[in-house]
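> Here is the input, now give the coordinates:
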Amino acid sequence: MIIVVVLLLVIGVPVFVFATSYMPLYHLRGQDEAAMTVGTSVHLFHSGTNDVKKTIHVNDILTVHRITPSCEVKEVGKIKVLGFIGETYMRGEVVEGGIRPDDIAKKDNVSCLVISAGVCK
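Residues are numbered from 1 along each chain as shown. Next up is the predicted model:
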């Protein structure tokens, strides 16, 4: 009986943890991806609020920042906004630097999450 309980705990706890959090390999997949360089199309996820619509317009240049493992924020490039896709996405193009998924693009007090162009069709 004790062996069955131990076996259920050994199998059950990891399954529960994966069900309530990011899978480690999925969450860290962007760490090894090559940077998107000048001319690469990217998509940006934003909140869709009026602040975004008032602040960011087509042809605006957004500064892109990356948070390092030591929690430093450093500028890594710039993206030109090419257009809006639906309520919460924008299409852009890298105009400077090397940008990776999960970087943060900012203009004034508005921030967007950089995702690769392959995510949105």
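
> which stretches of the protein form helices?
Applying DSSP state H to the chain gives helices spanning 2-19, 24-27, 50-55.

> Give the residue spans of this protein that score low on pLDDT.
5-34, 117-121 (pLDDT under 70).

> same thing but at 50, please
Scanning the chain for pLDDT under 50 picks out 20-30, 32.

> which residues in it form strands?
Ranges of strands in the chain, per DSSP state E, are 41-45, 61-67, 73-85, 89-97, 104-107, 110-116.

> could you redo those strands as CSV and give each row mean neighbour count?
Just so you know, the C-beta spots here come from the backbone N, C-alpha and C atoms, and that holds for glycine as well. Putting the strands of the chain into CSV (neighbours: other CB atoms under 10 Å) gives the following:
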stretch, mean neighbour count
strand 41-45, 20
strand 61-67, 19
strand 73-85, 16
strand 89-97, 19
strand 104-107, 19
strand 110-116, 19
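
> most centrally placed residue in this structure?
Centroid-nearest residue in the chain: Asp102, 2.7 Å away (criterion: CA atoms, centre = their mean).

> Hmm, Leu113 and it touching each other?
Yes - Asp102 is within contact range of Leu113, at 6.8 Å (criterion: CB atoms under 8 Å).

> and the gap between the residue nearest to the centre of the chain and Lys54?
In this view, Asp102 and Lys54 are 25 Å apart by CB to CB, to the nearest Å.
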